[in-house]
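> Fold the following and give me the result.
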Amino acid sequence: MSPLLDDLTLPETLMAFLHTDDGQVRQSVRPVHLTAAAELGELALDGHVDIEDDGSVTLLESEHAPSRPWVEVALAELSEHPTTVERWVRGRRDAVQVQQRAALERGVLSKDRGRFLGFIGYDRHLVAPQLREDLLGDLEAPGAEEVPRAAALAALLTTPAMRRALRFDGDRVERLTALASTAEDAVDPGPMFRTMDYAIATAVAGVVLGGSGD
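Next up is the predicted model:
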């Protein structure tokens, strides 16, 4: 397995799939909510937060220092303003922009300017196709089920809207769905999986209930 899943955060890996080949965000997948869910999963993965039965987000004493500037900012905000999963997912309106900047710094994305109708400029965030394939290769490699970040990314990629947008074939969907369900067989799935389940369900609810795209 390549070091990509170790070197990149969960939302950074999501950015590789959240953008189309022409550098645009996939608006049909509820991108802001999905990215916010990935952020919360990353905080849980590093042991910074856990989720209570009522959906409240609890800060934990983690042995890991904040891995990114946005993590440090988020933890400071959570210490002053306790929240719930739902408020986090629906309130992180700048989540995509925050993670685009992080992904640019890590080389996941590159930025250039496109032109609409030949003269209206707009930003494009481009992903190297090989990076997507490398990440998918990591998700399908032997031992991926033992890597929590792999299972979390698989869960993000197999939401109904993402499956439709990415147009994975049936075999790949089956493999990723099996990886995403790794936690279901665990006696104690741990904070990261509890957080991801709750956060993704909240993010997807906007689509299921017919909410407008972000």
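> How many neighbouring residues does Arg132 have?
By other CB atoms under 10 Å, the residues close to Arg132 number 16. Every C-beta, even on glycine, is put in place using the N, C-alpha and C of the backbone.
> what's near enough to touch it?
16-17 (CB atoms under 8 Å, 6 or more residues apart in numbering).
> what do you get for Leu157?
Leu157 neighbours (CB under 8 Å, 6+ apart): 17, 139, 163, 166, 168, 176, 180.
> would you list the residues you listed in a markdown table and tack on pLDDT and neighbour count?
Formatted as a markdown table, the contacts of Leu157 follow (pLDDT from 0 to 100; neighbours: other CB atoms under 10 Å):
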| residue | pLDDT | neighbour count |
| --- | --- | --- |
| Phe17 | 98 | 21 |
| Leu139 | 95 | 24 |
| Arg163 | 93 | 16 |
| Leu166 | 96 | 18 |
| Phe168 | 95 | 18 |
| Leu176 | 96 | 26 |
| Ala180 | 89 | 24 |
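> okay if I get the residues you listed as a markdown table plus distance to Asp94?
Converted to a markdown table, the contacts of Leu157 look like this (distance: CB to CB, whole Å):
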| residue | distance to Asp94 |
| --- | --- |
| Phe17 | 20 |
| Leu139 | 28 |
| Arg163 | 26 |
| Leu166 | 24 |
| Phe168 | 29 |
| Leu176 | 28 |
| Ala180 | 27 |
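> of all these, which comes closest to Leu59?
Ala180 (26.3 Å; CB to CB).
> Find the helix or strand that the closest one is a member of.
helix 170-180 (DSSP states H and E).
> elements contacting that helix?
Contacts defined by 3 or more CB pairs under 8 Å, 6 or more residues apart in numbering; DSSP states H and E place helix 170-180 against helix 129-139, helix 148-157.
> which one of the ones you listed lies closest to Ser62?
helix 148-157 (14.5 Å).
> Only C-alpha atoms, please: export the next helix or strand along the chain from that closest one in CSV.
Following helix 148-157 in sequence order, the next helix or strand is helix 160-166 (DSSP H and E). Only the C-alpha atoms of helix 160-166 are listed here, as CSV (Å, rounded to 0.1, in the frame of the first residue of the first chain):
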residue,chain,number,x,y,z
PRO,A,160,-25.6,7.2,-3.2
ALA,A,161,-24.8,10.6,-4.8
MET,A,162,-21.1,9.9,-5.0
ARG,A,163,-21.6,6.5,-6.5
ARG,A,164,-23.7,8.0,-9.2
ALA,A,165,-21.3,10.9,-9.8
LEU,A,166,-18.1,8.7,-9.9
